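> Build me a structure from this.
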Amino acid sequence: MKEPKEHYENHLGIFYSWMLGDLEPKIQAFQEYLIQKKLTPLNKEVSIDLGAGNGLQSIALARLGYEVIAIDFNLQLLKELEETRKKENLPIQTINADILTVSQWKNQNPSFLLCCGDTLTHLSSINQIQEFLKLCYETLTPNGNLLLSFRDYSNPLRGDSRFIPVKADDNRIL
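Residues are numbered from 1 along each chain as shown. Presented below is the predicted three-dimensional model:
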């Protein structure tokens, strides 16, 4: 994970939040998704957000009643999440670590693990993905839930399709 970590530290972390834009509608949409899929806590439950970034999913989880452990390898994005956590007094613990360390929090009895966005693509091989999934399985409480999302990069994009316009303003384009 050294290469993606360096990419975030030296490039993407600097404008990641700008790229996402206003988080509040995205947080609300994710909360609604969790409610619709019946992935809300019944009691005090722990959720681990793997690759939490600036906290879009972590904030939604905490607002719904989870105690959240937010793990990410980028300190800048975790600091942004920490600022929101303090402002809203949310039950979120931020941890600067690699997602492959998930089993270190098994003793917290997490009932819900999630890894959203393009985080899975930061893993270097199919074997590493398989190891990650095994660690998640071993870390979750019995009958716990694992939510994964990713974009499929298995077919190389060609020509203009290689470019995915993400966001632009008067001074920048991504």
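> Show me the strands in this protein, by range?
With DSSP state E as the criterion, the chain has strands at 46-50, 67-72, 92-96, 110-115, 145-148.
> pLDDT at Glu3, what is it?
For Glu3, the model assigns a pLDDT of 82.
> Around it, how many other residues sit close by?
When neighbours are counted by other Cβ atoms under 10 Å, Glu3 registers 8. In this view, the C-beta of every residue, glycine as well, is placed from N, C-alpha and C.
> need the contact list for it.
By Cβ atoms under 8 Å, 6 or more residues apart in numbering, the contact list for Glu3 is empty.
> any idea how far it lies from Leu61?
28 Å (Cβ to Cβ, to the nearest Å).
> Same check on Thr84?
To Leu61, Thr84 is 13 Å away according to Cβ to Cβ.
> Looking at these two, which one has more neighbours?
Counted by other Cβ under 10 Å, Thr84 and Leu61 do not tie: Leu61 has more neighbours, with 33 against 18.
> Hmm, Ser47 and the more buried one touching each other?
Yes - with contacts counted by Cβ atoms under 8 Å, Leu61 reaches Ser47, the gap being 4.8 Å.
> which neighbours do those two share?
Shared contacts of Leu61 and Ser47 (Cβ under 8 Å, 6+ apart): Val68, Phe112, Leu114.
> Pull the number of nearby residues for the second one.
Put plainly, it is Phe112. 22.
> now do Gly55
Number of residues near Gly55 (other Cβ under 10 Å) recorded here: 28.
> Just the buried residues of stretch 25-41, please?
Neighbour-count burial for stretch 25-41 flags Ile27, Phe30, Gln31, Leu34, Leu39, Pro41 (criterion: 16 or more other Cβ atoms under 10 Å).
> My error: substitute stretch 82-96 in the last question.
Buried residues in stretch 82-96, counted by 16+ other Cβ under 10 Å: Glu82, Thr84, Arg85, Leu90, Pro91, Ile92, Gln93, Thr94.
> Quick one: these as TSV, columns for pLDDT too.
Listed next are those as TSV, based on pLDDT from 0 to 100:
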residue	pLDDT
Glu82	90
Thr84	84
Arg85	82
Leu90	96
Pro91	97
Ile92	97
Gln93	96
Thr94	96
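> where in this protein is pLDDT low?
Scanning the chain for pLDDT under 70 picks out the ranges 1-2, 4-21, 151-153, 161-168, 172-174.
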